[in-house]
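Enquirer: using only what follows, build the 3D model:
(chains A and B)
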Amino acid sequence: MSARIVFDGIRREFNNGRDSTVAISNIDLTFEPGSFAAIVGPSGCGKSTLLHIAAGLDTRYQGYFAREPANAVLACLFQQPRLLLWQTARKNITVILEARGMPSRAARQRADEMLELVGLSAAADKFPSQLSGGMQQRVALARALSVDPDFLLMDEPFSALDELTAARLRDELVALCLRKPRTILFVTHNIQEACYLAERVVVMGGHPGRIVADIAMDLPRPRRLDDPALVARAAEVRSFIDRGEVATVAA
Amino acid sequence: MTDEAATLRAQGREERDGLVSGVSKALAALTGAGLRVGDSRSMEKAWNAIYLVASLILLGLLWQAISWRIGADVLPGPLAALAAVEQSHRDGYLWSDIGITAFRIFGAFCIALATSLAIGALLGRSRVAERLFGPWITICASIPSLVVIVVVYLSVGINDHAAMIGTALIVAPPMIFAIWDGIRAINPELQEMARIFAMPRAHILWRVILPQTTPFIFTAARTGLSLTWRIMIFVELLGRSSGVGYRIQYFYNLVDMQRVVAAALPFVALMLLFEFCVLRPTERWVFRWRRAEAT
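Expert: A predicted model of the protein is given here:
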């Protein structure tokens, strides 16, 4: 069971004393269950505002937002792994599972399965400081998958990694998605990454943040980065981003 | 704390502070040696031991030199002080003094720690509480300790409870500041993560926020404990007829400086022993995830 995500006429203003800035406005988006959508755009276009609303961290928006069903399980992968540095890799996962009510023995077993899934069985008893950046991000991925999320939010999860590690993790993510589809919202400023991973690419432009284009990526997965069709799509996305920026400058 | 600092100085006790820092440095060198045992670098270990011995001898010589300079009747030398400790042990009051003072310090420290944890957490977590009660802590911190002690003695009664409460009230504000600052300095990213993963609030507090504050709690505990010991001596001197503080005052009145130093010396050693045998190993265990990087 994966979740449907609905943004309807979302607008978010930040009041900062006297002046207020509109971070995003007129956001109408629906993400179907099991779909993988990427949101791309330059920095300052309101991607993270949208993400905060989607994650339920920000509730001071105008308009309608819903995760359907309302009790859909949510998980998140951030740019930084955001692991508990004082816990081992395994404990980082079991802490979350136990907080959600899973008995400790089952949580431990589940954590070990997830670590195996991301290829980190050997690192279960290591502290994050003993793991490389890529391995830490894998632990974070294992943690996100351990709750069996209906809705997975990813906030530039590979942008802090070196390109080789990032490429490998992208492939693993595609493989995991093909195994079990979940609703995924993937925020990035990397156009190629968006086109490589997603089934749908939403392009945002800035000031105020709004949707510039909504492009379906119907190429079969797994894809190849040097596939001419993918390169052409990336160029198309690119032109929308450029046009979005030009429009901003003209206004 | 300027008032009791002045009193202590007036009673010619600043030498003891110099002693504390010197001995603590020596013991720091000792634990340094202990840490490197696992490295099997025996040369390093040997050098650490040599430096430790040299450091202690140097400290003893410095003490002796000062004693000669200002006169043994004001500051007795290390050997004379040790002899006086031995003498007070034979007289039979040494261990009862230490025991009763340690008990009072323990009580006061527990009260101070519990209070400062609760208040520090409240002020660090709630903007309303911070703005409403934050100034109170600043005010509490600036009330002269002497006033606090006298008021508590008069309202609670001249007994051990008053001694503990009075000391705790003086020690708590700086500890609250340390914990409050620590909680404020916490990076909100991990809390965001925990909220997204639907962790209940109590779990977030215990499993995510509290572990991040442990470094600050250790700092608060360490400074709090040494302050508790120094204040407690003063509190005993004012209103108790037992303990190290009372003994110091008693021998001061008899102008027996050898016994004054001898009264303080064993407790200084005890405090250092606690630091190195309890506090540091606990700290090393709690923060083993930090050292893990090196292995």
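Enquirer: centroid-nearest residue for chain A?
Expert: Nearest to the geometric centre of chain A sits A:M154, at 1.6 Å (C-alpha atoms, centre = their mean).
Enquirer: where does that residue fall, phi/psi-wise?
Expert: Backbone torsions of A:M154, given as degrees, to the nearest 10, read phi -130, psi 120.
Enquirer: roughly how far apart are it and A:D125?
Expert: A:M154 is 27 Å from A:D125, where distance means C-beta to C-beta, to the nearest Å. Backbone N, C-alpha and C define where each C-beta goes, glycine included.
Enquirer: just A:E156 next, same as before
Expert: In this view, A:E156 and A:D125 are 29 Å apart by C-beta to C-beta.
Enquirer: of the two, who's got more company?
Expert: When A:E156 is set against A:D125 and neighbours are counted by other C-beta atoms under 10 Å in any protein chain shown, the residue ahead is A:E156, at 19 against 10.
Enquirer: could you count how many residues lie near the closest residue to the more buried one other than its chain neighbours?
Expert: Counting by C-beta to C-beta, 6 or more residues apart in numbering or on different chains, A:E156 lies nearest to A:Q79, which is 4.4 Å off, once chain neighbours are set aside. By the criterion of other C-beta under 10 Å, A:Q79 has 18 neighbours.
Enquirer: beta-bridge partners for the residue nearest to the centre of chain A, please?
Expert: Counting by DSSP bridges, A:M154 is bridged to A:L77, A:F186.
Enquirer: for A:R11, helix, strand, or coil?
Expert: The three-state label given to A:R11 by DSSP: H, G, I helix; E, B strand; the rest coil is strand.
Enquirer: contacting residues for it?
Expert: A:V22, A:I24, A:S25, A:N26, A:I27, A:Y61, A:Q62, A:G63 (C-beta atoms under 8 Å, 6 or more residues apart in numbering or on different chains).
Enquirer: who does it bridge with?
Expert: Using DSSP bridges, the bridge partners assigned to A:R11 are A:Q62.
Enquirer: please report the distance of it from chain B.
Expert: From A:R11 across to chain B, the span is 22 Å (C-beta to the nearest C-beta, to the nearest Å).
Enquirer: element containing residue 107, please.
Expert: Unless you meant another one, I'm taking chain A. For A:A107, the host element (DSSP states H and E) is helix A:104-117.
Enquirer: my question was about chain B, not that one.
Expert: Short version, using DSSP H and E: B:G107 is in helix B:94-125.
Enquirer: kindly report the residues of chain A close to chain B.
Expert: Listed as neighbours of chain B in chain A under the rule C-beta under 8 Å from any C-beta of the partner chain: A:55-57, A:73-76, A:78, A:80, A:82, A:84-87, A:95-96, A:99-100, A:126-130, A:143, A:147, A:153.
Enquirer: surely A:G46 touches A:M204?
Expert: Yes: using C-beta atoms under 8 Å, A:G46 is in contact with A:M204, at 6.2 Å.
Enquirer: show me where the stretch 51-200 of chain A has its strands.
Expert: A:62-68, A:74-77, A:151-155, A:183-188, A:200-205 (DSSP state E, counting those that start in this stretch).
Enquirer: excluding residues flanking it in the chain, which one is nearest A:T59?
Expert: For A:T59, ignoring the flanking residues on the chain, the nearest one in space by C-beta to C-beta, 6+ apart is A:I53 at 7.8 Å.
Enquirer: give the contact list for that neighbour.
Expert: The contact partners of A:I53, by C-beta under 8 Å, 6+ apart, come to A:F7, A:I10, A:R12, A:T59, A:Y61, A:F65.
Enquirer: tell me the two of those residues that are most distant?
Expert: Across those, the longest distance by C-beta to C-beta is 13.6 Å; it joins A:F7 and A:T59.
Enquirer: looking at the two, which one has more neighbours?
Expert: More crowded of A:F7 and A:T59, by other C-beta under 10 Å: A:F7, with 21 against 8.
Enquirer: assign the residue nearest the centre of chain B to helix, strand or coil.
Expert: Nearest to the geometric centre of chain B sits B:S226, at 1.6 Å (C-alpha atoms, centre = their mean). Three-state assignment for B:S226 (three-state DSSP): helix.
Enquirer: from B:T214, how far off is it?
Expert: 19 Å.
Enquirer: go on, B:S42?
Expert: B:S42 is 34 Å from B:T214, by C-beta to C-beta.
Enquirer: can you check B:Y93 too?
Expert: Distance from B:Y93 to B:T214, by C-beta to C-beta: 39 Å.
Enquirer: what's the answer for A:M102, then?
Expert: To B:T214, A:M102 is 26 Å away according to C-beta to C-beta.
Enquirer: could you check which of these two is surrounded by more residues?
Expert: A:M102 (18 against 14).
Enquirer: mind pulling the model confidence for that one?
Expert: pLDDT for A:M102: 88.
Enquirer: what residues does it make contact with?
Expert: By C-beta under 8 Å, 6+ apart, the residues touching A:M102 are A:R110.
Enquirer: next, the buried residues of the helix holding A:A107.
Expert: A:A107, A:R108, A:R110, A:A111, A:D112, A:M114, A:L115, A:L117 (16 or more other C-beta atoms under 10 Å in any protein chain shown).
Enquirer: what about A:D148, how many neighbours?
Expert: Neighbourhood size, A:D148 [other C-beta under 10 Å]: 13.
Enquirer: residues in contact with it?
Expert: By C-beta under 8 Å, 6+ apart, the neighbours of A:D148 are A:V73.
Enquirer: pretty sure A:I191 sits against A:V40.
Expert: Yes: using C-beta under 8 Å, A:I191 is in contact with A:V40, at 5.8 Å.
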